[in-house]
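Engineer: Sequence isn't available, so here's the structure alone:
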């Protein structure tokens, strides 16, 4: 907590001045993380980690509800495993950290610290799957992974990060594709309805797909600087890893056949995303469903009524807590209420509850929404329902606000020149036609800094011609600069 | 699932014939784990991992209830950190795996894959703690750790394992010691009342304490071969790590002072322990509170009544499930009930529910206890309460049985010769007097294979003389061969 009451508001760089600095200011000031002594690795401090715990808890529930079970596979992957799938090794080799010695001896084979576990799951699935009766195999893993990135950014791109990786095996393409889309939809629904982040679902272009996948699908979210974050991906891997690891099964016609596999994941970059989507110049704005504290109670009024007000505040605290609401109370006598208001706004607490001596007499208190600033006088006798309603309202308003922002920064262009302008001046998501060639895609990237985010399932506009070469467009593609 | 119905019973080596083989047979057969291609690392398969999830869930609740919060620190620890605490580096250096290259380049400083995180927490706490107002710091971490062990055994000693490590900082020795004992008591209560494993609490002798601790306390459990497993430890670290990492704070008298720290942990070896404590020649016996399936429903009777019985079974399944009981149903028509009984007994499901056509007519079903074999006819109308009662009864009986086993294998000796006999013929836990010298402790180990497990807080017998040198005993020590 800041020791100088006046200091902190000015410590946060305004978003309009420097969005990157705003981001770092906010996550440090709100105590979500700290830099570690290891290059590109952060410490997830309790308030930052708790957001992840709430994400985990809800996603885990949804995975289990759809028949998946958790397991845990080794963090080390033998070097030879990476060689087995050609695209996979090319994609990940440049980022791998290697264990070469252990217990004082040089290892015979180097071990990579896992960047993802398709190869390890592949190796084990080969042992476990014999017959169609063993399928589908639906396993998820919550784990740490490491990718030695050149440029890092807390939460959004760190050398070590936390994630879940689902790995499933199926009898045929149809079933595997169904799983791929089912998990994408779970991500979309979760990110929209739990984190209040609107996303664009679609398919990655070949050059942007996962190393080793047949098709990659993603959800893309817009940050407040107009850049995109890939918030989750789901891959149909075809028989690529099955072939590499010889995962065959006896099918219903008594013939040996390769399984079809999928993988899908979201990571702690969701934390960075929700900060960049919702935050404002006063600090964090946390989605109520993952906020460590959903409500902060602040007793107000002169010293002579203090004991009575604090006493009543404690009762309200207990009532909200026993209703399962994550509530805090700041009853420090030596800190002004105004300072506390700023502090918990900066920390993104969705609802503030104020109570003073007059409120006590009237049996009411005041709820204040972090997102809209709305103040609502509510009956203490109906407090739990009122708080729940305001939390729901804050969630809805956050989602609508983020969606309106995205719509305000959503463009559609027909030429590369228009794309340049769109990226440099307007900033945001831009739809354009694309002929399907990698050369045209590369040229967009080179000249505008934007990459193809995905081919939206439901593009707002349809385009007939490629923005680069002018040939017939095979797809309408979403372009943006991305984190 | 075994494809040959008759085969599996004989696949489990009896405990009396070869306990180690029994253990491996059971964990493989019950599908809890598989060996991985990485030396000493296992794959935690869904049924094995789910036991860990239930352990995590309950311990996490207890940690939070006592004011701790979770965070996440990097898996990599710079080599120089280990040099800062002399005993710590000596204790862990022989077991460390080293990352020496990343992203195609040799690292300037080698990074250890964490074996434990006192040093990393120490480094960060030095930055975070300035004043007594910042204390206590009460943080826990759920993580994977790696120790490159020479001899490994699934769950009990693996190169990579999962655990939690609590790291706390306090103003003074008294508060840090209070924390140390509080966490030890949480472990004792959890292991006894959740895993049904009776334990002996006590203090480690200096030669067996954690590398870098002032005092280490442990809970020790007896396996069914009489060997001990250290099931949890809690360390008072004094100012050792505070001195090494310069963690000072401004105390209430406005003076700089070192904090006093603690650390405490339990790991996935708890899974191995509960298997070795409770299992029998028919397979696993899982404590109801952590069993992936607490109840397995098996419909029985001739083909003509099958549909009706299965229909009613599905209703009972839904009823138990909605009451929060982890229930399964095996209604396969092509597998005999007797085979299913054996299968789920082998898998350690605490309660079996049988229902046949006559039971349906009478509105009853039969509950069978895994631990005692007791069969109880219960009213379907009261099923949830009956199942809950039997689960509680199974837990109690498991605890009592394990305690009785331990008492049957609990000895007390006065001389080294008696200790030898105790270890070689009787096997179990043996109390003896000890003068306090490391030489005498070493001699016990050398001549009997037993190590000092701890100095029990409440030894069953008090000893006046050291079993080795015959001098006055300073402590009564618990000795055993250990995993």
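Structural biologist: Noted; the coordinates are in hand. Quick caveat: nothing in here was measured; it's all calculated off a predicted structure.

Engineer: Please pull out the lowest mean pLDDT helix or strand from chain A.
Structural biologist: Across the helices and strands of chain A, mean pLDDT, DSSP states H and E gives its lowest value to helix A:86-92, namely a mean of 87.

Engineer: Name the residues of the helix or strand just after it that are buried.
Structural biologist: Per DSSP states H and E, the first helix or strand lying C-terminal to helix A:86-92 is strand A:97-102. Neighbour counts over strand A:97-102 (16 or more other C-beta atoms under 10 Å in any protein chain shown) mark A:97, A:98, A:99, A:100, A:101, A:102 as buried. (Each C-beta comes from the backbone N, C-alpha and C, glycine too.)

Engineer: Excluding chain neighbours, what is closest to the fourth one?
Structural biologist: The one in question is residue A:100. Leaving aside its chain neighbours, residue A:100 sits nearest to residue B:100 (4.7 Å; criterion: C-beta to C-beta, 6 or more residues apart in numbering or on different chains).

Engineer: Tell me who's in contact with the one you found.
Structural biologist: Going by C-beta atoms under 8 Å, 6 or more residues apart in numbering or on different chains, residue B:100 touches A:98, A:99, A:100, A:101, B:106, B:107, B:110.

Engineer: I figured the fourth one hits residue B:97, correct?
Structural biologist: Put plainly, it is residue A:101. Yes: between residue A:101 and residue B:97 there is a contact at 7.2 Å, judged by C-beta atoms under 8 Å.

Engineer: Quick check: residue A:19 touching residue A:224?
Structural biologist: Yes: using C-beta under 8 Å, residue A:19 is in contact with residue A:224, at 6.9 Å.

Engineer: Next one: residue A:154 from residue A:399, what distance?
Structural biologist: For residue A:154, the distance to residue A:399 (C-beta to C-beta, to the nearest Å) stands at 24 Å.

Engineer: hmm, I was thinking of residue A:406
Structural biologist: For residue A:406, the distance to residue A:399 - C-beta to C-beta - is 11 Å.

Engineer: Residues that sit against both of those two, list them.
Structural biologist: residue A:198.

Engineer: Do you have the helices of the stretch 51-200 of chain A handy? List them.
Structural biologist: Per DSSP state H, counting those that start in this stretch, the stretch 51-200 of chain A carries helices over the ranges A:79-83, A:86-92, A:118-128, A:173-193.

Engineer: buried residues in the top helix by length along chain A?
Structural biologist: Secondary structure of chain A per DSSP state H: the longest helix is helix A:383-408. Neighbour counts using 16+ other C-beta under 10 Å place A:383, A:386-388, A:390-391, A:393-395, A:397-399, A:401-402, A:405-406 of helix A:383-408 among the buried residues.

Engineer: what's the angle from that helix to helix A:173-193?
Structural biologist: Put simply, helix A:383-408 runs at 110 degrees to helix A:173-193, going by axes from the mean of the first three to the mean of the last three C-alpha atoms, to 10 degrees.

Engineer: What is the helix or strand just after helix A:383-408 packed up against?
Structural biologist: Using DSSP H and E, the helix or strand that directly follows helix A:383-408 along the chain is strand A:410-412. Contact here means 3 or more C-beta pairs under 8 Å, 6 or more residues apart in numbering or on different chains; DSSP states H and E; on that basis strand A:410-412 packs against strand A:429-434.

Engineer: Give me the packing partners of the very next helix or strand once past the strand it packs on, helices and strands only.
Structural biologist: The C-terminal neighbour of strand A:429-434 among helices and strands, as given by DSSP H and E, is helix A:438-448. When contacts are defined as 3+ C-beta pairs under 8 Å, 6+ apart, helix A:438-448 sits against helix A:416-421, strand A:429-434, strand A:451-456.

Engineer: Dump these to CSV, plus mean neighbour count.
Structural biologist: What follows is these, written out as CSV (neighbours: other C-beta atoms under 10 Å in any protein chain shown):
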stretch, mean neighbour count
helix A:416-421, 17
strand A:429-434, 26
strand A:451-456, 22
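
Engineer: now these in JSON lines, with distance to chain B?
Structural biologist: As requested, these are exported to JSON lines (distance: least, C-beta to the nearest C-beta, whole Å):
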{"stretch": "helix A:416-421", "distance to chain B": "32"}
{"stretch": "strand A:429-434", "distance to chain B": "31"}
{"stretch": "strand A:451-456", "distance to chain B": "21"}
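
Engineer: which SS state does the residue sitting nearest the centre point of chain A fall under?
Structural biologist: When C-alpha atoms, centre = their mean is applied to chain A, the residue found nearest the centroid is residue A:270 (1.7 Å). Here residue A:270 is recorded as helix under DSSP: H, G, I helix; E, B strand; the rest coil.

Engineer: in terms of contact, does it touch residue A:230 like I think?
Structural biologist: No: contact criterion C-beta under 8 Å: residue A:270 and residue A:230 do not qualify, at 10.7 Å.

Engineer: The buried residues of helix A:383-408: which ones sit near chain B?
Structural biologist: Applying C-beta under 8 Å from any C-beta of the partner chain, the subset of the buried residues of helix A:383-408 adjacent to chain B is empty.

Engineer: For the stretch 151-300 of chain A, what lies in contact range of chain B?
Structural biologist: Within the stretch 151-300 of chain A, the positions lying close to chain B (C-beta under 8 Å from any C-beta) are A:160, A:162.
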